[in-house]
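Peer 1: next come a sequence and a model predicted from it.
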Amino acid sequence: MAFFLIKKIFIMFKWLEKNLPKIVMAPAVGLIGWFVYGFVLWTLYISFTNSKILPKYELWGFGQYEKLWASRKWLISVDNLLVFTALFLIFCIVIGIILAIFLDQKIRAEGVLRTIYLYPMALSFIVTGTAWKWILNPTLGIQKMFIDWGFENFTFDWLVNREMAIYTIVIAGVWQSAGFVMALFLAGLRSVEDEIVKAAKIDGAGLFTVYWKILLPMMRPVFFTSFVILVHISIKSYDLIVALTQGGPGISTTMPALFMTQAAFHKSQVGLSAASAMMMFMAVAAVIIPYLYSELRRENAR
Amino acid sequence: MQDNYQSSSYKELEQKSKYTNIFLRWFLYFVLILFASYFIFPLYVMVVTSLKTMEEIRQGTLLTWPSSLNFDSWLVAWGGRGYGAGDTFLRPYFWNSIKMVVPAVFFSTFIGAMTGYVLTKWRFRGDQWVFLFLLFGCFIPFQAILLPMARTLGTLGISNSVVGLVLVHTVYGIPFTTLFFRNYYISVPTELVKAARIDGAGFFKIFFKILLPISAPIIVVTVIWQFTQIWNDFLFGSTFSFGEAAPIQVALNNMVLSSTSVKEYNVDMASAIIAGIPTLIVYVLAGKYFIRGLTSGAVKG
């Protein structure tokens, strides 16, 4: 009897030892499985119900999605997101590339400049949004600065102008993230073998040609990465809008992320907010899944 | 073009390219410094404004230098005016953030180290899929989990508490920390681990004796990354906490938005600096590791 018990304990011990790595993995996989995948499914379920203040669990079909796409506020959100994403992408990538190429020319004080270009990434959108809100306010901000400098008819009221307010978010967003693109491209440029550039120069290629025809085409993966990350940031934009405009004036700068939290926590439209969250989720997935797939393939090919 | 070059003497050509080079250099520095001023401008305005009195703010412009270094707004932002109810200031929320950040960074880093270790040194069938499974968590738009999370925190009785935020930040940090450690450990030769296994070292012994001692750089990268992310978080903080349990970013936003009396821009700016200074200090001291986190993870939450 005692022998069998000992044997059993021994077998159990062996089993534990053999499966220890998986046991150590289990909490992480369990947490992510529940809190990410489980919760997304949960949200998906809520989006098919007619939940108002509290989640209800009788299925209601696609009603929330119909309501969502009939909502003027949601359409404005999507519109704003498209405008913001397009401008945010273009400016971040153009500025990022220019800074990276210029910094790559054996610049004195490169370290200092790099630190300056990137520090906004270390700050929260609330902090920088607060600063930009102050800078852009028409009474005491930039507008007053130019008027005091003698440009008496200078107006810069984008922050409180329905038509233009969305562009103030672009200004602040680009300011915050352009340095990041710079860092990605600089790392990419530095990883190119010197021989390639030297060979091109011996063949008589000017600096411009070297970058335009040789180096930038080689940066395709960096473009891809920047694109994915910037789109991802822009779909999730929330803090910056809260700090800068709260979606105003009116609802002119509202975006999907803001729409979602407002519907859920201020307007008791839990079902509708779940539907908007799922739309955001699908938008992100459409960009991320191909990205992860290609990244993984690249890694396997290595 | 070709003929032209051949006709001019070599010396002439060299001279010409020298001038264009000097011109190009100047242009280069001009553009770089122009952008540097664009990036530094808001920080400069914040600092300068926080040191002015409201009177000075109304009279001068954004750029004018304060007449004297006046730290009153900083004191008000940090400790209030001392008139009791309705007096909002950042000190208690600063400590909330510290209480939230320290355990959340510790737990998420530890779990990430463990999973990164298993995924690279104790590989099993389908481990790549497990990695992908975890990695996707980096990209999730958090709006898609807010509603269930609010419900869950309520059920657990930890909504509107620092403990709840620690849980949230730990869980959603795991994908990032796993990514960092996995990418770092994958470059550590597996032979080291194999040799140790033959010598009879177990799972934990190998981790603590072989991998942990060489993990300092990636631990720094991960801790800085997680610290910055969690300190700067607003979405979770504002959704799952309010009132006294709020972290500093939420308190800052409330302070700036509260329109009780006259807007005090100097206090607003001082508050923003106080809320931003911990991550800014970390960035200045350990920027190298911060950038490594940014580019190696190449994901921003």
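Peer 2: Sure thing, it's come through. Numbering: from 1, shown residues only, chains lettered A, B, ... in the order given.
Peer 1: got the phi and psi for A:E163?
Peer 2: phi -70, psi -30 (degrees, to the nearest 10).
Peer 1: meant to ask about B:P247
Peer 2: The phi and psi values for B:P247, taken as degrees, to the nearest 10, are phi -80, psi 170.
Peer 1: burial of it, as a residue count?
Peer 2: A count of nearby residues for B:P247, using other C-beta atoms under 10 Å in any protein chain shown, gives 30. The C-beta positions use only the backbone N, C-alpha and C, and glycine is treated the same way.
Peer 1: let me see the contact set for it.
Peer 2: If you count contacts by C-beta atoms under 8 Å, 6 or more residues apart in numbering or on different chains, B:P247 has them with B:93, B:96-97, B:100, B:165, B:233, B:237, B:241.
Peer 1: try A:A28
Peer 2: Residues counted as contacts of A:A28 (C-beta under 8 Å, 6+ apart) are B:111-112, B:114-115, B:134, B:174, B:178.
Peer 1: between the contacts of B:P247, which is nearest A:A172?
Peer 2: Of all those, the one with the least separation from A:A172 (C-beta to C-beta) is B:D233, at 18.1 Å.
Peer 1: show me the residue sitting in the middle of the chain in space.
Peer 2: Reading this off chain A. Note on chain A: the residue nearest the mean C-alpha position is A:I233, at 1.1 Å, using C-alpha atoms, centre = their mean.
Peer 1: actually chain B
Peer 2: Centre-most residue of chain B, counting by C-alpha atoms, centre = their mean: B:T228, 2.8 Å.
Peer 1: that residue sits in which helix or strand?
Peer 2: Taking DSSP states H and E as the definition, B:T228 sits inside helix B:216-232.
Peer 1: now do A:V192
Peer 2: Residue-wise, A:V192 maps onto no helix or strand under DSSP H and E.
Peer 1: can you check the pLDDT for it?
Peer 2: Here the pLDDT value assigned to A:V192 is 85.
Peer 1: quick check, it in contact with A:P217.
Peer 2: No - with contacts counted by C-beta atoms under 8 Å, A:V192 stays clear of A:P217, the gap being 11.1 Å.
Peer 1: among the contacts of B:P247, which two are most distant?
Peer 2: Maximum pairwise distance in the contacts of B:P247, criterion C-beta to C-beta, is 13.1 Å, between B:Y93 and B:D233.
Peer 1: let me see the ranges of the helices in the stretch 1-150 of chain A.
Peer 2: Ranges of helices within the stretch 1-150 of chain A are A:2-32, A:39-47, A:63-70, A:72-103, A:110-118, A:125-136, A:142-148, based on DSSP state H, counting those that start in this stretch.
Peer 1: okay, those in CSV with distance to B:V223 next?
Peer 2: Rendered in CSV, the data for the helices of the stretch 1-150 of chain A read as follows (distance: least, C-beta to C-beta, whole Å):
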stretch, distance to B:V223
helix A:2-32, 18
helix A:39-47, 26
helix A:63-70, 40
helix A:72-103, 27
helix A:110-118, 18
helix A:125-136, 21
helix A:142-148, 38
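Peer 1: dump those into a markdown table; add mean pLDDT as well.
Peer 2: Supplementary listing: the helices of the stretch 1-150 of chain A in a markdown table, determined by pLDDT from 0 to 100:
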| stretch | mean pLDDT |
| --- | --- |
| helix A:2-32 | 85 |
| helix A:39-47 | 93 |
| helix A:63-70 | 88 |
| helix A:72-103 | 94 |
| helix A:110-118 | 90 |
| helix A:125-136 | 92 |
| helix A:142-148 | 81 |
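Peer 1: so which of those has the densest surroundings on average?
Peer 2: helix A:125-136 (a mean of 26; mean count of other C-beta atoms under 10 Å in any protein chain shown).
Peer 1: on that earlier part again, ok, so of the contacts of B:P247, who is nearest A:N19?
Peer 2: Nearest member of these to A:N19, counting by C-beta to C-beta, is B:L165, at 33.2 Å.
Peer 1: alright, that wraps it up for me.
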